[in-house]
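Trainee: What follows is a predicted protein model with its sequence.
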Amino acid sequence: MAPEPLTRQQTDDALAELPGWSTDGDSISRTYSFAKHLPAAAMVVHVAAIQEELNHHSEMSLGYNKLSVTVNTHSVGGQVTAKDIELARRIEEIAAGHGAS
Ligand SMILES: C[C@H](O)[C@H](O)[C@H]1CNC2=NC(N)=NC(=O)C2=N1
């Protein structure tokens, strides 16, 4: 069953518990910074593994020492759902271990 889209208020409330994450109303995103490139690249692989586990996938953009993650739920036409919040929480759990800030 497709997840229900969150209201903007529900999204804002959820993001209040996820510092650094923001929304434009259509997706949620965060950019992480690293001391150098390889830790950023390693986090991409770790996030990809989590995404496969959840069967929910973000857009990731890797720079020299930055990783940007943006996610919404395709199955409801590109809106924010609890699946996106769950993925963000899971990414937050591993971020510090990769030296991300
Ligand atoms: C068939 C498969 O379950 C779907 O395509 C999954 C895969 N990953 C997904 N990721 C995201 N972000 N939204 C989806 O609706 C989605 N659906």
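Mentor: Okay, I see it. Numbering: from 1, shown residues only.
Trainee: how about the residues of the protein near the ligand?
Mentor: Among all residues of the chain, those adjacent to the ligand (criterion: C-beta under 6 Å from any ligand atom) are 55-57, 71, 73-75. Yep, even glycine has a C-beta here, placed from its N, CA and C like the rest.
Trainee: Filter the residues you listed down to just the ones in strands.
Mentor: When DSSP state E is applied, those are split such that residue 71 fall in strands.
Trainee: Just the buried residues from the residues of the chain next to the ligand, in PyMOL please.
Mentor: Here is the PyMOL command that selects the buried residues among the residues of the chain next to the ligand (16 or more other C-beta atoms under 10 Å):
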select buried, resi 56+71+73
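Trainee: Which secondary structure state does residue 61 sit in?
Mentor: Under the three-state scheme (DSSP: H, G, I helix; E, B strand; the rest coil), residue 61 adopts strand.
Trainee: what residues are up against residue 26?
Mentor: By C-beta atoms under 8 Å, 6 or more residues apart in numbering, the contact list for residue 26 reads 72, 78-80.
Trainee: Good, wrapping up.
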